[in-house]
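*Asks:* Give me a model of this one.
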Amino acid sequence: MNEKTNKTAGAVEGLPALEGAVVRRTWHEGQWWFAVVDVVAALTQSPNPAGYLRDLRQRDESLSRSWEALVTPLRAETPGGPQLLNCATLEGVLRIIQSIPSTRAEPFKLWLAKVGNERLEEASANDFGALSEAQRRLLLREQMSEHNKELAAAARQAGVESPLDYAVFQDHGYKGLYGGFGAKDIHAHKGLKKSQKILDHMGSTELAANLFRATQTEEKLKRDQVSGKAAANRTHQQVGEKVRKTIQELGGTLPEALPKPEKSIQQIQQAMTPKLSKGKPKAG
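*Replies:* A predicted model of the protein is given here:
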C-alpha cells in the first residue's frame, strides 16, 4: 500500500452549490491533507485565493498564531507537475473555514467529513477494494491498535494519566459516536464475554468509523493544546458526536445498528494462519 497518494477532488457529489470546486489532496501519515489555497478558492470564489488567504491571516490573529501547527508544505501533483503546496488535515481545514464567511461552508464541511471518513478506501482503492471483508477488518483493526497508541500519548499529554482516567476518556469517545452508549453498553449490546474486546467484534464499516474518531481526536487534542482531563473528555465526546452526525447526514448506518460479525478478529487470524503438519518432515 502506498504511503502517499495524490488526488484531485472535483465537484462535491450531491452538493450543487460547490459545483466546479477542485480541491487537491494528498495522503500523508495515514490521512488526507488538503491544499489550503484550493479550499479558500472553493469557499470564496476569489480570483486571487492566495491573496485572500494572506489578508485573512492578517485579520485573524488567532489563525495566524496557529498557522504553523495547522499547515504543512507537502508535495502534490498539479497540471504543471509536482510542487509543494500548503496543506492541512481535515481538522486543520475545519479551523480555517471558521474564519471564512461563506454560504458554501456547511456543504463543504460535509464533503470534507465524507472524504476523511473514506480514508483507506480512497487512499488505495485498487488495493483496499480488492480485499475481502475479513482482510479489511484485519487491516483496520491493526491500524486502530496503532492509532490508539498515538491517541493515548496525546491524551496523556493533555493530562489523562492513569489507566482509569484513560478508560473514562475512551468512554466519552464511544458515547459521542454511539449516541450515549459507553464501552460497557456496547460490550453488552454485542453480547460479548467479559474477556472479549469490542474492537475485535466490529465489521470494517464500524472499525472505520472508530478509526476516524481516534485519529481526529488525537489531532484536535494536539492542535488545540487541550489541557486537563475534563477538557480532553469533552473533546473526545465532541469528535465522536461529529463523526456520528456525519454518518447520519450521509444516510449511513449508525455504528450501534451495524451487525456483529460472526467471527472475531482472533478467529480470522487463526483461520488465515497456516497449520503445521504433524510428524517428521520428509527428506527431499
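*Asks:* Pretty sure Met144 sits in a helix.
*Replies:* Yes - checked against DSSP: H, G, I helix; E, B strand; the rest coil, Met144 lies within a helix.
*Asks:* quick one: it and Leu199 touch, right?
*Replies:* Yes - with contact defined as Cβ atoms under 8 Å, Met144 reaches Leu199; the gap is 5.9 Å. Backbone N, C-alpha and C define where each C-beta goes, glycine included.
*Asks:* All the strands of this structure, residue numbers only.
*Replies:* With DSSP state E, the ranges of strands along the chain come out as 6-9, 23-28, 31-35, 72-76, 83-88.
*Asks:* got these as a markdown table, with mean neighbour count, distance to Val239 and mean pLDDT columns?
*Replies:* Listed next are the strands of the chain as a markdown table, based on neighbours: other Cβ atoms under 10 Å; distance: least, Cβ to Cβ, whole Å; pLDDT from 0 to 100:
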| stretch | mean neighbour count | distance to Val239 | mean pLDDT |
| --- | --- | --- | --- |
| strand 6-9 | 16 | 23 | 48 |
| strand 23-28 | 22 | 20 | 81 |
| strand 31-35 | 24 | 14 | 84 |
| strand 72-76 | 17 | 21 | 87 |
| strand 83-88 | 18 | 17 | 90 |
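*Asks:* Next, count neighbours for the spatially closest residue to Ala167 that is not a sequence neighbour.
*Replies:* Nearest non-adjacent residue to Ala167, counting by Cβ to Cβ, 6 or more residues apart in numbering: Ala183, 7.5 Å away. The local packing of Ala183 (other Cβ atoms under 10 Å) involves 17 other residues.
*Asks:* wait, isn't Ala183 in contact with Asp171?
*Replies:* Yes - contact criterion Cβ under 8 Å: Ala183 and Asp171 qualify, at 5.3 Å.
*Asks:* mind listing what Phe169 touches?
*Replies:* Ala155, Val160, Lys229, Ala232, Asn233, His236 (Cβ atoms under 8 Å, 6 or more residues apart in numbering).
*Asks:* Where does the prediction get shaky in the chain?
*Replies:* 1-21, 77-79, 113-130, 272-284 (pLDDT under 70).
*Asks:* All the helices of it, in order from the start?
*Replies:* Ranges of helices in the chain, per DSSP state H, are 36-44, 49-59, 61-65, 67-70, 90-97, 105-118, 120-123, 125-129, 133-158, 163-177, 183-189, 204-223, 229-249, 265-272.
*Asks:* which of these is buried the deepest?
*Replies:* Among the helices of the chain, helix 204-223 has the highest mean neighbour count (mean count of other Cβ atoms under 10 Å), at a mean of 23.
*Asks:* Put the alpha carbons of stretch 197-206 into PDB.
*Replies:* C-alpha atoms of stretch 197-206 as PDB (Å, rounded to 0.1, in the frame of the first residue of the first chain):
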ATOM      1  CA  LYS A 197     -12.800  -6.700  23.300                       C
ATOM      2  CA  ILE A 198     -15.400  -4.800  21.400                       C
ATOM      3  CA  LEU A 199     -13.000  -3.700  18.600                       C
ATOM      4  CA  ASP A 200     -12.400  -7.400  17.800                       C
ATOM      5  CA  HIS A 201     -16.100  -7.800  17.100                       C
ATOM      6  CA  MET A 202     -16.600  -4.900  14.700                       C
ATOM      7  CA  GLY A 203     -17.100  -5.100  10.900                       C
ATOM      8  CA  SER A 204     -15.000  -2.900   8.600                       C
ATOM      9  CA  THR A 205     -17.500  -0.100   8.500                       C
ATOM     10  CA  GLU A 206     -17.700   0.200  12.300                       C
END
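*Asks:* what comes up buried for that stretch?
*Replies:* For stretch 197-206, the neighbour count (16 or more other Cβ atoms under 10 Å) marks Ile198, Leu199, Asp200, His201, Met202, Gly203, Ser204, Thr205, Glu206 as buried.
*Asks:* coming back round to it: among the strands of the chain, single out whichever gets nearest to Ser64.
*Replies:* With Cβ to Cβ as the criterion, Ser64 lies closest to strand 83-88 of these, at 13.5 Å.
*Asks:* quick one: the closest one to chain centroid distance?
*Replies:* Using Cα atoms, centre = their mean, to the nearest Å, the mean C-alpha position of strand 83-88 is found 19 Å from that of the whole chain.
*Asks:* Next, the angle from it to helix 49-59.
*Replies:* With axes from the mean of the first three to the mean of the last three Cα atoms, to 10 degrees defining the directions, strand 83-88 sits at 40 degrees from helix 49-59.
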